[in-house]
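Here is a sequence with its predicted model. Questions after.
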Amino acid sequence: CHAGPLAEGEIAAGGVAMWAASARTPRTMPPPQEPAPFMTLELPAPSAPASRVMGVPPPVYGEVRALVCHVGQSMGYVEDELEDIADRLERNWYDTCDSLADVSEAAVQSLGLPGKLLRACRAEHMRRSVAQ
């Protein structure tokens with residue numbers, strides 16, 4: 001306990017003791033308030049995608065899936081099989097038709113993919129590329 005009067009700047013219960021200039025009686029400052037709630041800032045949408053600004057064409061999502069399903073259906077594959085094949089390709093970063101050209105025979109075997117279907121997909125992609 002403090003036996004005598006508080007000196008200016010001493011800690012009192014609930015705040016800092018201050019002396020009024022004329023009254024010579026201590027006043028305490030109120031305890032600090034809660035901080036203001038976190039504010040979020042809404043930013044406007046970009047005017048153009050970063051890929052277009054940088055001159056890189058944006059990826060066409062589902063490009064491999066569409067090609068695999070189109071070619072596979074013409075070869076008699078069931079849709080569920082084709083979806084599974086497209087999933088395995090996309091999970092292993094073969095997400096563009098151009099990337100299918102890089103699939104090695106070893107990768108085809110390790111992923112459990114039908115080589116005949118992948119060769120047909122490559123041929124169809126080449127045919128479409130030449131036609132453009």
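Yes, it's here.

mind listing the helices for this protein?
Per DSSP state H, the chain carries helices over the ranges 50-53, 63-74, 79-91, 105-111, 115-131.

deepest of the ones you listed, which one?
Mean neighbour count (mean count of other C-beta atoms under 10 Å) peaks for helix 63-74 among these, with a mean of 18. (C-beta placed from N, C-alpha, C; glycine too.)

got the CA positions of it in CSV?
The C-alpha trace of helix 63-74 is given here as CSV (Å, rounded to 0.1, in the frame of the first residue of the first chain):
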residue,chain,number,x,y,z
GLU,A,63,-8.5,-27.7,-72.2
VAL,A,64,-7.0,-31.2,-71.7
ARG,A,65,-10.2,-32.5,-70.3
ALA,A,66,-12.2,-31.4,-73.3
LEU,A,67,-9.7,-32.9,-75.7
VAL,A,68,-9.5,-36.2,-73.8
CYS,A,69,-13.3,-36.5,-73.6
HIS,A,70,-13.8,-35.6,-77.3
VAL,A,71,-11.2,-38.0,-78.6
GLY,A,72,-12.0,-40.7,-76.1
GLN,A,73,-15.7,-40.7,-76.9
SER,A,74,-15.0,-41.2,-80.6
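
Could you pull up the mean pLDDT of that helix?
Helix 63-74 carries an average pLDDT of 94.

cool, stretch 84-103 as well?
pLDDT averaged over stretch 84-103 gives 90.

Same check on stretch 110-125?
93.

Run through who's touching that stretch.
67-68, 70-72, 75, 77, 85, 88-89, 92, 97-98, 100-101, 103, 105, 108-109 (C-beta atoms under 8 Å, 6 or more residues apart in numbering).
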